[in-house]
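1. need the 3D shape of this:
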Amino acid sequence: MITVLAPAALATFAAIFWGVWWIPVRYLETLGLQGAWAGLVMNLGAFLLAATWVLLRGIRLRIDARAVAGAAFIGLAVTFYSTALNHTDVVRAVLLFYLAPVWSKILERVFLGMPWRWTSTMALAAALAGACLVLGGRVSIDSLNLGDLLSLASGMAWSAGAALTFAGRSTNTISLTTVTAFFAVLAAVPFAWASGLPDSGRELGLAMPVGIGTGVVYVLPIMMMTLWSARRLAPTTLTFLLTVEIVSGVASSAILLDEPFGAMQLSGAVLIVIAAMSEILFQRGRPAMETPDFPNPGRE
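-> Okay, the predicted model is just below:
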């Protein structure tokens, strides 16, 4: 029980802070780090400290091909999500990302051989209906802005990364975190380039150290907690726990931002949460937090 509760608790704690990640992203934008630059600089700070720790401690980057691929997808998801926060409402970004449980379930069925139950169908229907409501009842390419598309892509990348990370061979968390942060920085480069150079006429001298420092004290710890949990919890279970981010993200944006959030968006949020929780709440004959039984090497 402890082996399940510990990663579950850490994943939930991390989710609270992922939900308010929009605050440093938006703040750094006011200092001149527009577009993907805020995420790039914060992830660079996380990478520099993680890599320094690995070098000083003489830690081997013991990470197999599947885990590397998983880290790459998660790094891509982090970059997509942070960039989306600059191009759409926080509520839309958070909720569209959380179609991820649907993608996770599909990946678990296709690649991990896990069963597709009636709850999987219910999750798919609820998630799509919720997304429709979040988008104001209009589902078309024209109704999606760049931030919306990046949020959807982020959820897909996260689902693929979580599945690959869970299925990979045993590795240490600091190695996985270092590689994830590296890929997050690498993925942000083309987005940052496309958004143009930071506005040096603004408070850029303050933005860079603040961004690096935020990566060190904020991004790195929650990234490590998330990845440590990802090595121990099935992708659908992990994504379910991370839906706490919906609460912290939606609540904080509703309080601090003047963004539209009415009955339609609330209904969409409820349906997406139901979709994320369905595989956990409606299981019978086994504990809700049980990790599925299929071949998987030991965790560290």
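2. who are the neighbours in contact with the nearest residue to Gly268 once chain neighbours are set aside?
-> In space, and not counting its chain neighbours, Gly268 is closest to Leu133: 3.2 Å by Cβ to Cβ, 6 or more residues apart in numbering. The C-beta positions use only the backbone N, C-alpha and C, and glycine is treated the same way. Neighbouring residues of Leu133 by Cβ atoms under 8 Å, 6 or more residues apart in numbering: Met264, Gln265, Ser267, Gly268, Leu271.
3. mind checking pLDDT for the second one?
-> Reading off the per-residue confidence, Gln265 sits at a pLDDT of 70.
4. burial measure for it, as a count.
-> 22 (other Cβ atoms under 10 Å).
5. equivalent analysis for the fourth one, please.
-> Each residue near Gly268 was counted by other Cβ under 10 Å, and the total is 25.
6. check whether it really touches Leu128, as I assumed.
-> No. Taking contacts as Cβ atoms under 8 Å, Gly268 lies outside contact range of Leu128: 10.4 Å.
7. check which helices and strands the strand or helix carrying Ala153 sits against.
-> Here Ala153 sits within helix 146-167, counting by DSSP states H and E. When contacts are defined as 3 or more Cβ pairs under 8 Å, 6 or more residues apart in numbering; DSSP states H and E, helix 146-167 sits against helix 65-84, helix 90-97, helix 100-111, helix 220-230, helix 235-241.
8. buried ones in the first one?
-> Residues of helix 65-84 classed as buried under the neighbour-count rule (16 or more other Cβ atoms under 10 Å) are 66-84.
9. what ranges of the stretch 1-150 of the chain fall below the confidence cut-off?
-> Low-confidence segments of the stretch 1-150 of the chain (pLDDT under 70): 1-5, 101, 108, 111-114, 134-143.
10. picking that back up, nearest to Val25, of the contacts of Leu133?
-> Gln265 (20.6 Å; Cβ to Cβ).
11. do you know how far the closest one is from Leu242?
-> From Gln265 over to Leu242 the distance is 20 Å, taken as Cβ to Cβ, to the nearest Å.
12. and Val273, by the same measure?
-> Distance of Val273 to Leu242, computed by Cβ to Cβ: 12 Å.
13. name the helix or strand for the nearest residue to Val102 once chain neighbours are set aside, please.
-> Leaving aside its chain neighbours, Val102 sits nearest to Ala127 (4.7 Å; criterion: Cβ to Cβ, 6+ apart). Assigned by DSSP H and E, Ala127 belongs to helix 118-134.
14. figure out how far that helix is from the centre of its chain.
-> 19 Å (Cα atoms, centre = their mean, to the nearest Å).
15. could I get the buried residue list for that helix?
-> Thr119, Ser120, Ala123, Leu124, Ala126, Ala127, Ala129, Gly130, Ala131, Cys132, Leu133, Val134.
16. just want the angle from it to helix 146-167.
-> 160 degrees (axes from the mean of the first three to the mean of the last three Cα atoms, to 10 degrees).
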